[in-house]
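Engineer: Mind looking at a prediction? Sequence and model below.
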Amino acid sequence: MPIAKLARLVAATGVALWAGLASAQPVTVKMWMHEHPPRIAIDKAIIAEFEKANPDIKIQYDVISVADYSTKLITAFAAGSGPDLFNNTSTLVTQYFNARILAPVDYAAMGLVDEGALLAKYQGSGFDGIRFQGKLYGVPSELSNWACFANNALWQEAGLDPKKDWPKTWEALPGIAEKLTRRDANGVPVRRGFDFNWAIPGAFWYVPNTMLHQLGANMIDEAAYKATLDTPAGRQVFQYFQDWTGKLRLGGPQYTDSRTDFLAGKLAAECSFGVWGVPQMEAAKISWSVLPVPKFAGGVSDNGMDEYAFYMMVNARSPSPVQKAAWKFARFYTDHAGELFAGAGLFVPRAEVTDSAAFKANPAAPFFVAELKRAKFSPRVVGYAQVLDAILRGRDKVVQGEKVDAVVPVMNEEVNTIMNRERARAATLVK
């Protein structure tokens with residue numbers, strides 16, 4: 001055989017052999033998750049079970065602190081080295097979508113017929129936060145909302161019954177809160193009847209927007225991608241915050257955060273706990289009642305507190321076999337919703353959760369499920385953190401006494417500037 005022909009045969013055989021060996025190698029899916037200590041052991045058990053059933057797929061699991069997680073994600077994506085599978089909150093998903101990081105859900109890889117089969121698993125809830133241009137780009141691993149809780153003992157001390165006297169409207173809340181408030185000789189509250197959660201920045205994304213939703217408005221018009229804070233509804237909401245802290249002197253950011261004081265028996269009512277707060281209340285030996293968020297008189301929407309979600313998402317830049325393996329694991333992972341709720345408090349409206357002993361043991365759980373049916377997602381923007389900072393600066397100016405009519409237009413303009421700048425910056429992540 002001529003040397004040249006023999007060389008070609010060896011080369012061809014070698015390539016075929018190498019291709020066969022390469023195809024036999026397991027696919028590795030790099031997965032990043034934010035740190036939630038009760039969930040980590042469950043994650044590892046799910047991964048071990050999945051890898052045993054799927055020896056051709058390996059999950060490389062990395063846990064990153066909550067404080068660093070979102071920054072590390074976007075930095076890694078910008079460098080082209082991000083994870084193949086990751087989770088994060090609905091408030092941040094627009095940034096990933098605009099940067100073309102998100103792959104649409106691969107139903108076939110998940111072993112599902114179509115979108116309807118996926119929605120049916122979640123009783124139809126939780127997907128509005130991850131739908132863009134009619135397509136889904138993730139699967140919920142956690143769905144959450146807040147409600148109001150009353151400390152029964154403090155209400156009884158004031159001669160009130162939260163189940164009968166809890167105000168249905170924001171306009172009626174100050175009168176009830178005053179009856180529950182205890183003041184010193186200078187009129188300063190030493191025990192508040194109710195207050196907003198000024199200490200958690202994200203509270204002033206969900207709470208104002210919940211109030212605006214009730215008025216048929218929104219902080220951001222997602223379709224037009226413009227801030228809509230400079231409206232009669234926006235002024236009404238921020239005037240409410242100013243009156244609460246100034247004219248009525250019922251609370252404000254100078255006090256201990258509302259969750260801490262509620263658990264310490266120093267606050268009679270609070271509206272930023274989810275269903276996960278019940279074990280904390282029971283540990284603090286607080287007799288509680290769970291109640292719906294008040295609404296504005298004359299409001300046009302009967303929505304509860306805005307909802308938010310965490311989604312399992314897949315990197316569109318990962319190789320196709322890796323994406324398919326990632327979606328397969330995302331299905332496997334979220335099918336363990338019962339364990340994730342029982343062991344880590346992560347709720348999704350799936351039958352294996354709502355039928356579980358852990359769900360039935362939580363007396364507030366049915367209330368939260370009912371509230372979710374009336375809830376809406378807060379707006380999604382690129383540059384969420386910067387936009388929120390602008391809203392908080394405006395809020396603080398209002399609380400400090402600056403006129404609402406002067407603050408709101410400036411805040412609205414600043415938010416628009418940030419959104420446009422950050423959307424353009426997100427586009428630079430496309431490689």
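Structural biologist: Sure, I can see it.
Engineer: Pull the number of nearby residues for Ala406.
Structural biologist: Using other Cβ atoms under 10 Å, Ala406 has 10 other residues around it. All C-beta spots, glycine's among them, are computed from the backbone N, C-alpha and C.
Engineer: Kindly provide the distance from it to Asp230.
Structural biologist: 11 Å (Cβ to Cβ, to the nearest Å).
Engineer: before we move on, what about Gln239?
Structural biologist: Distance from Gln239 to Asp230, by Cβ to Cβ: 13 Å.
Engineer: How about Trp170?
Structural biologist: From Trp170 to Asp230 the distance is 21 Å (Cβ to Cβ).
Engineer: domain parsing for the protein?
Structural biologist: 27-144+308-372, 147-306+381-427 (automatic domain parsing).
Engineer: Identify each of the helices in the stretch 51-200 of the chain and give its residue range.
Structural biologist: With helices called from DSSP state H, counting those that start in this stretch, the stretch 51-200 of the chain shows them at 66-78, 93-98, 115-121, 152-157, 162-165, 173-180.
Engineer: Next: the stretch 201-350 of the chain.
Structural biologist: Under DSSP H, counting those that start in this stretch, the stretch 201-350 of the chain gives helices at 203-214, 232-245, 258-263, 278-283, 320-334, 337-344.
Engineer: can you list those in JSON lines and add mean neighbour count and distance to Ala185?
Structural biologist: Output for the helices of the stretch 201-350 of the chain, formatted as JSON lines (neighbours: other Cβ atoms under 10 Å; distance: least, Cβ to Cβ, whole Å):
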{"stretch": "helix 203-214", "mean neighbour count": "23", "distance to Ala185": "31"}
{"stretch": "helix 232-245", "mean neighbour count": "20", "distance to Ala185": "20"}
{"stretch": "helix 258-263", "mean neighbour count": "21", "distance to Ala185": "21"}
{"stretch": "helix 278-283", "mean neighbour count": "14", "distance to Ala185": "32"}
{"stretch": "helix 320-334", "mean neighbour count": "21", "distance to Ala185": "56"}
{"stretch": "helix 337-344", "mean neighbour count": "20", "distance to Ala185": "47"}
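Engineer: Which one, of these, ends up nearest to Asp84?
Structural biologist: Closest approach to Asp84 among these (Cβ to Cβ): helix 320-334, 5.0 Å.
Engineer: any idea how far Glu51 is from the nearest residue to Phe86 once chain neighbours are set aside?
Structural biologist: Once flanking residues are discounted, Phe86 sits nearest to Trp32: 4.5 Å by Cβ to Cβ, 6 or more residues apart in numbering. In this view, Trp32 and Glu51 are 17 Å apart by Cβ to Cβ.
Engineer: Same drill for the two, tell me which one is more crowded.
Structural biologist: Neighbour count, other Cβ under 10 Å: between Trp32 and Glu51, Trp32 has more, with 21 against 15.
Engineer: By mean pLDDT, flag the weakest helix or strand of this structure.
Structural biologist: helix 3-24 (a mean of 45; mean pLDDT, DSSP states H and E).
Engineer: Show me what the lengthiest helix in the chain is packed up against.
Structural biologist: Ranked by number of residues, the top helix in the chain under DSSP state H is helix 404-427. Here helix 404-427 touches helix 93-98, strand 226-227, helix 232-245, helix 384-399, going by 3 or more Cβ pairs under 8 Å, 6 or more residues apart in numbering; DSSP states H and E.
Engineer: so which of these comes closest to Ile220?
Structural biologist: Ranking those by proximity to Ile220 (Cβ to Cβ) places strand 226-227 first, at 5.8 Å.
Engineer: My guess is His336 contacts Ile42. True?
Structural biologist: Yes - contact status for His336 versus Ile42: in contact at 7.3 Å, counting by Cβ atoms under 8 Å.
Engineer: Give me the pLDDT for the nearest residue to Lys44 once chain neighbours are set aside.
Structural biologist: Nearest residue to Lys44, sequence neighbours excluded (Cβ to Cβ, 6+ apart): Tyr61, at 7.0 Å. For Tyr61, the pLDDT comes out at 98.
Engineer: how about the longest helix of the chain: buried residues?
Structural biologist: Across helix 404-427, burial judged by 16 or more other Cβ atoms under 10 Å covers 404, 407-408, 410-412, 414-416, 418-419, 422-423, 426.
Engineer: By pLDDT, give me the weakest of those residues.
Structural biologist: Ala426 (80).
Engineer: Can you name the residues that contact the nearest residue to Arg39 once chain neighbours are set aside?
Structural biologist: Leaving aside its chain neighbours, Arg39 sits nearest to Ala344 (3.9 Å; criterion: Cβ to Cβ, 6+ apart). The contact partners of Ala344, taken as Cβ atoms under 8 Å, 6 or more residues apart in numbering, are 36, 38-39, 42.
Engineer: what's the answer for Pro167, then?
Structural biologist: By Cβ under 8 Å, 6+ apart, the contact list for Pro167 reads 173, 175-176, 294.
Engineer: So it versus Ala269, what's the distance?
Structural biologist: Separation of Pro167 from Ala269 (Cβ to Cβ): 10 Å.
Engineer: now swap in Glu414 and tell me
Structural biologist: 33 Å.
Engineer: Okay, the closest residue to Phe196 other than its chain neighbours and Leu102: tell me how far apart.
Structural biologist: Closest residue to Phe196 apart from its sequence neighbours, by Cβ to Cβ, 6+ apart: Val207 at 6.3 Å. Noted for Val207: a distance of 28 Å to Leu102, by Cβ to Cβ.
Engineer: Do I have it right that Ser378 meets Thr91?
Structural biologist: Yes - using Cβ under 8 Å, Ser378 makes contact with Thr91 at a distance of 6.8 Å.
Engineer: Report the residue spans of the protein with pLDDT below the cut-off.
Structural biologist: 1-24, 429-431 (pLDDT under 70).
Engineer: Any idea how far stretch 374-386 is from the middle of the chain?
Structural biologist: 9 Å (Cα atoms, centre = their mean, to the nearest Å).
Engineer: scratch that, stretch 377-389
Structural biologist: Taking mean C-alpha positions (Cα atoms, centre = their mean), stretch 377-389 and its chain are 12 Å apart.
Engineer: That one: which residues count as buried?
Structural biologist: Buried-residue list, stretch 377-389, by 16+ other Cβ under 10 Å: 377-388.
Engineer: mind putting those in CSV, distance to Lys324 included?
Structural biologist: Putting the buried residues of stretch 377-389 into CSV (distance: Cβ to Cβ, whole Å) gives the following:
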residue, distance to Lys324
Phe377, 28
Ser378, 32
Pro379, 32
Arg380, 27
Val381, 31
Val382, 28
Gly383, 32
Tyr384, 30
Ala385, 33
Gln386, 35
Val387, 35
Leu388, 36
